[in-house]
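*Asks:* with the input below, show me the fold.
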Amino acid sequence: MLKEGFGGEIIVGIYVILFFFCYLYFLDLIEKKYFSLFYLLNNVNQKKKDFLDIENLFF
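*Replies:* Predicted structure coming up:
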């Protein structure tokens, strides 16, 4: 009984880790799509300015 419960916990842990990595992967894809569209819509100088603003926001 104890062994069964332990196995279940391991399986749940694996699913949580897999879900977390999938979440990060999709976030990365969304970010790349967003930034590529963002760059296409703006000119070069505006891109540089906005990108620096975004960097300052996060770092």
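*Asks:* on the pLDDT front, check residue 47 for me.
*Replies:* We have a pLDDT of 57 for residue 47.
*Asks:* do residue 36 as well
*Replies:* Per the predicted model, pLDDT is 69 at residue 36.
*Asks:* same question for residue 57.
*Replies:* Looking at residue 57, its pLDDT stands at 64.
*Asks:* ok, residue 52 next?
*Replies:* Turning to residue 52, the model gives it a pLDDT of 68.
*Asks:* remind me, longest helix of the chain?
*Replies:* helix 2-41 (DSSP state H).
*Asks:* which helices and strands does that one pack with?
*Replies:* With contacts defined as 3 or more Cβ pairs under 8 Å, 6 or more residues apart in numbering; DSSP states H and E, helix 2-41 has these neighbours: helix 44-58. C-beta coordinates here come from the backbone N, C-alpha and C atoms, glycine included.
*Asks:* tally of neighbours for residue 35?
*Replies:* 13 (other Cβ atoms under 10 Å).
*Asks:* so how far is residue 28 from it?
*Replies:* 11 Å (Cβ to Cβ, to the nearest Å).
*Asks:* repeat for residue 18
*Replies:* Taken as Cβ to Cβ, the span from residue 18 to residue 28 is 16 Å.
*Asks:* how about residue 8?
*Replies:* 31 Å.
*Asks:* relative to residue 19, how far out is residue 31?
*Replies:* Distance of residue 31 to residue 19, computed by Cβ to Cβ: 18 Å.
*Asks:* residue 28 now?
*Replies:* Applying Cβ to Cβ to residue 28 and residue 19 gives a distance of 15 Å.
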